[in-house]
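1. structure, please.
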Amino acid sequence: MRTAEIKRRFLSHFEANGHAVVPSAPLPAIDDPNLLFVNAGMVQFVPYFLGQRTPPWKRATSVQKCIRTPDIDEVGKTSRHGTFFQMNGNFSFGDYFKEGAITLAWDLVTKSVDAGGFGLDPERIWATVYLDDDEAFDIWHHKIGLPKERIVRRGKADNYWSMGIPGPCGPCSEIYLDRGPEYGREGGPEVDEDRYMEFWNLVFMQNERGPGTDKENYPILGELPAKNIDTGMGLERMASILQGVDNIYEIDEIKPILNRAAELTGKRYGARSGQLASESHPDDVRLRVIADHVRTSLMLIADGVTPSNEGRGYVLRRIMRRAIRNMRLLGWQGPAMPELLPVARDCMAPSYPEVASDFERIASYAYSEEEAFRSTLRAGTTILDTAMAETRRSGGARLSGEQAFQLHDTYGFPIDLTLEIAGEQGLSVDEEGFRRLMSEQRRRAKADAQARKTGHVDLSAYRAVLDAGGPVEFTGYEETARESRLRAVLSGSGDGLAGAGVGETVELVLDATPFYAEGGGQQPDQGIITVGGGSAEVFDVQQPIPGLIIHRARVVEGEIRPGETGYAEIDVARRRAISRAHTATHLVHTAMRQFLGESATQAGSLNAPGRLRFDFNTPGAVSPSVLHDVEQQVNEVLMNDLEVKAFITSLEEARKLGAMALFGEKYGDEVRVVEVGDYARELCGGTHAHHSGQLGLVKILNEASIGSGVRRVEALVGMDAFSYLAREHVLVSRLAELYRVPGEQVAERVEQTVAQLREAEKELEKLRAQLVLANVGALADAARDVGGVAYVGIEAPEGAGANEVRTLAQEIRGRMPVDRPGVVAVTARSGGKASLIVATNAAARDRGLSAAALVKGALSGRGGGSPELAQGGGLPAGDAPSLLAAVEKAIANT
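-> Below you'll find the model as predicted:
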């Protein structure tokens, strides 16, 4: 049974049993500050479990895309660990509980294939329950008929589930299949989890947990508002069972990628491995890692993640580089992604058609990242070659852990490659030292991450306000001012107040409001709320939970009390300026996609009064000519004065209309579409101008990179754009007056002036170099004897640049006798700081004098270079003489 068919049967089974089919949330965990990625099927339902939101259904089912990286080192080594996986789930929100969850699961897995089930043999099924969960034990035994010997009680680490962070949790019951004696020892899941494969976890979600250090040590804070069900069946695990393969890497969605990797590298998968994953040959483990990571990369990029050095982008980068590295370790030296990613696309497209339709964009990021990594490998190999040469010169046979760590940490050079290349050269690597430094780095990172984990913020006070008065009605699309009852006055922490006086900063909740809450890149409205004899200046508007709009304000007059009717009025000029910027962002987005292709999708935005910032995905810099074309097309749309309309429709209908949706955003069944004539159409909840002509003018200021594969343009709109161009006109007119040329010739004359200045600077550099080097011979002849070493210690003439100082040191060294150890130390002062350059000849190095060591000794560990030439600096300029003395002293003590 193919994986896509297993998915279909699962959803159909629960839909037939009264469950609403809910689409998978995107992989980036956009609604949870504690998660980079969705790591469980229930993540998108957390607000319902916690009682923060009312679920629109009593029962739901989904197949959720998930990413888990803590077990990344186990990928390929076991039969069940995958980085990307799909979690089949069914959920009950205060409806059925343990008995319903267990019977629904049992029915699906044991029902015959012809009847729409999975057809598993009931005699091979085991179940586990939490230690004291007698209710679940009795349901399995008395209701289902499972023998007591196939029901195992297990502890908190195995059978009490949470997301690993503060939030909902509860005891669970796991369902296992005995795969037979050829897969391991008899005795149940506690004895061997390769033979007894867990494929479904039924979580009885009834408690809320606090922060903790591991799977067992955390407090239970209390019961949830209702008893809920959250189950998770690993789609890949069930596929491995129903397709009769040994592990998840051999199912139909992964094996073709593995086969292609084996073909490219000339390996025969399984030829030297046993049946168990633990008996796998290292080559087979690498092939599984490659297949898993290529598929994971495809799905991450499809959901809008791009490679970078932080956050989600770093996880993607690490996963891609592990795949590329393992291909290299198997002997493949060419580009791997162009060979493997199309195979992954074909495997996943039956379940996720978007990976095929959006493959051009996905591939552009993947292929660019691989090329960048290949460049890193080339650079790292050069640095490694230098380190190995120094090690051999000094008579050593082992690279230090510090060198290996620097290669890994600074240059991204994998330790496996360092070990491989060093071994080929007959050198070993201090792996223990490397692992120690890596552990220290992980401890620091873990401590930092733990410090940033705050769990789910206590929103109970906001929830109480929402429950008491219902959702706040937003009327800002139609009006800019209105009367409304002040429902609540809250402190900054959400606690209710009886009132607030002049100077206090509070949060105000109205029954209805024209104020727009910050969201979708649009800045919030500002304005005044007047209540009774008091008034408050609103400086921020937020929506802490769906349906509740809070106005952060300073009381500027009288006293404000809840329960009274007030008048809310926004700053209309600010709103209109922001709305024009937001409409301009839509136009820039559409134009970028037209000139750069459909892959130039929005990655972020800021819509502020009179200005916008638009981030978008594209592999490289945008040329000035394209920016000019984009700007011109946008302004032509303004000239056409197209009508801007907004309307509500279904998500399906919006997609049929061609409305652009943003990667990583989560949409409901109904969405708001904003369209500018027939030119631009996007899903958007923001405010906009009524006609494109109201924008007046859009001027793009600049374009720059903000990360790998992500660019940013900034632009001005309306009067801000006009004022900018007016200032530019004044500047050009002044330059034209000074040069006495027409305005259109100013740029050419400025370029000529700059070129002349550069030529003059080169002449000055030549003159300074001649001055500095004029006495090189005399300085070399005047070398002093320091312990049998010819030593020259001088300060460079004032104004000498770094290049001149370096050349001076090398020239003096070149004039010294080659058969006598010689050391040259030159200091220079610049910008209030002192720098030091040291050069040694071959005879000095044979004696054990290293330029790098002398510099680091004089600068207390700072600086660097090679044994023959090194430099450093950063000390106050007055310390220059002491640096020369420190070098001399070090020579004398050698």
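
2. if I've got this straight, residue 714 is in a strand?
-> Yes - checked against DSSP: H, G, I helix; E, B strand; the rest coil, residue 714 lies within a strand.

3. which residues touch it?
-> 611-614, 700-702 (Cβ atoms under 8 Å, 6 or more residues apart in numbering). Placement of C-beta: from N, CA and C, glycine included.

4. could you rerun that using 6 Å?
-> 613, 701-702 (Cβ atoms under 6 Å, 6 or more residues apart in numbering).

5. and residue 39, by the same measure?
-> Residue 39 neighbours (Cβ under 6 Å, 6+ apart): 66, 68.

6. so for it, what's the pLDDT?
-> Looking at residue 39, its pLDDT is 87.

7. chain center to the stretch of helix or strand residue 761 belongs to: distance?
-> If you go by DSSP states H and E, residue 761 is part of helix 746-773. Mean C-alpha position of helix 746-773 versus that of the full chain (Cα atoms, centre = their mean, to the nearest Å) differs by 45 Å.

8. quick one: list the elements packing against that helix.
-> Applying 3 or more Cβ pairs under 6 Å, 6 or more residues apart in numbering; DSSP states H and E, we find helix 746-773 packed against helix 719-739, helix 802-815.

9. closest one to residue 623 among these?
-> helix 719-739 (21.1 Å; Cβ to Cβ).

10. for that closest one, packing partners?
-> Against helix 719-739 (3+ Cβ pairs under 6 Å, 6+ apart) you get helix 746-773.

11. run through who's touching the helix or strand just after the helix it packs on.
-> With elements assigned by DSSP H and E, the helix or strand that comes after helix 746-773 is helix 776-781. Helix 776-781 has contacts (Cβ under 6 Å, 6+ apart) with 792, 811-812, 815-816.

12. of the residues you listed, closest to residue 752?
-> For the contacts of helix 776-781, the nearest to residue 752 is residue 811 (35.4 Å; Cβ to Cβ).

13. roughly how far does the residue lying closest to the closest one once chain neighbours are set aside sit from residue 814?
-> Nearest in space to residue 811, with sequence neighbours left out and distances taken as Cβ to Cβ, 6 or more residues apart in numbering, is residue 776 at 4.7 Å. Distance of residue 776 to residue 814, computed by Cβ to Cβ, to the nearest Å: 8 Å.

14. likewise residue 393?
-> Distance from residue 393 to residue 814, by Cβ to Cβ: 21 Å.

15. after the host helix or strand of residue 544, which helix or strand is next?
-> Assigned by DSSP H and E, residue 544 falls within strand 534-545. Later in the chain than strand 534-545, the nearest helix or strand by DSSP H and E is strand 548-557.

16. quick one: least confident helix or strand in this protein?
-> Least confident helix or strand of the chain, by mean pLDDT, DSSP states H and E, is helix 431-452 with a mean of 71.

17. list the buried ones in the helix or strand following it?
-> Downstream of helix 431-452, the first helix or strand assigned by DSSP H and E is helix 460-469. Neighbour-count burial for helix 460-469, counted by 16 or more other Cβ atoms under 10 Å, picks out 461-463, 465-466.

18. again with stretch 552-563
-> Quick answer for stretch 552-563 (16+ other Cβ under 10 Å): 552-553, 555, 560-562.

19. can you check stretch 413-422 too?
-> Buried residues in stretch 413-422 (16+ other Cβ under 10 Å): 413-415, 417-419, 421-422.

20. now that stretch, how far from the centre of its chain.
-> Using Cα atoms, centre = their mean, the offset of stretch 413-422 from its chain centre is 26 Å.

21. make 36 the first number, not 1, from now on.
-> Sure thing, new numbering starts at 36, so read that last one as stretch 448-457.

22. what comes into contact with that stretch?
-> In contact with stretch 448-457 (Cβ under 6 Å, 6+ apart) are residues 360, 415, 419, 434, 439, 442-443, 464.

23. quick check, nearest of those residues to residue 897?
-> Nearest to residue 897 among the contacts of stretch 448-457, with distances taken as Cβ to Cβ, is residue 442, at 20.6 Å.

24. tell me the confidence at that closest one?
-> On the pLDDT scale, residue 442 gets 81.

25. what's the answer for residue 344, then?
-> pLDDT at residue 344 comes out at 69.

26. for residue 646, same thing?
-> Taking residue 646 on its own, its pLDDT is 95.

27. pretty sure it contacts residue 748?
-> No - counting by Cβ atoms under 6 Å, residue 646 stays clear of residue 748, with 11.3 Å between them.

28. show me the helices in the stretch 136-285 of the chain, by range?
-> 169-173, 191-194, 270-277 (DSSP state H, counting those that start in this stretch).

29. which of these is buried the deepest?
-> helix 270-277 (a mean of 23; mean count of other Cβ atoms under 10 Å).

30. show me what that helix is packed against.
-> helix 38-51, strand 119-128.

31. kindly recompute the last result at 8 Å.
-> Helix 270-277 sits against helix 38-51, strand 119-128, strand 231-244, with contacts defined as 3 or more Cβ pairs under 8 Å, 6 or more residues apart in numbering; DSSP states H and E.
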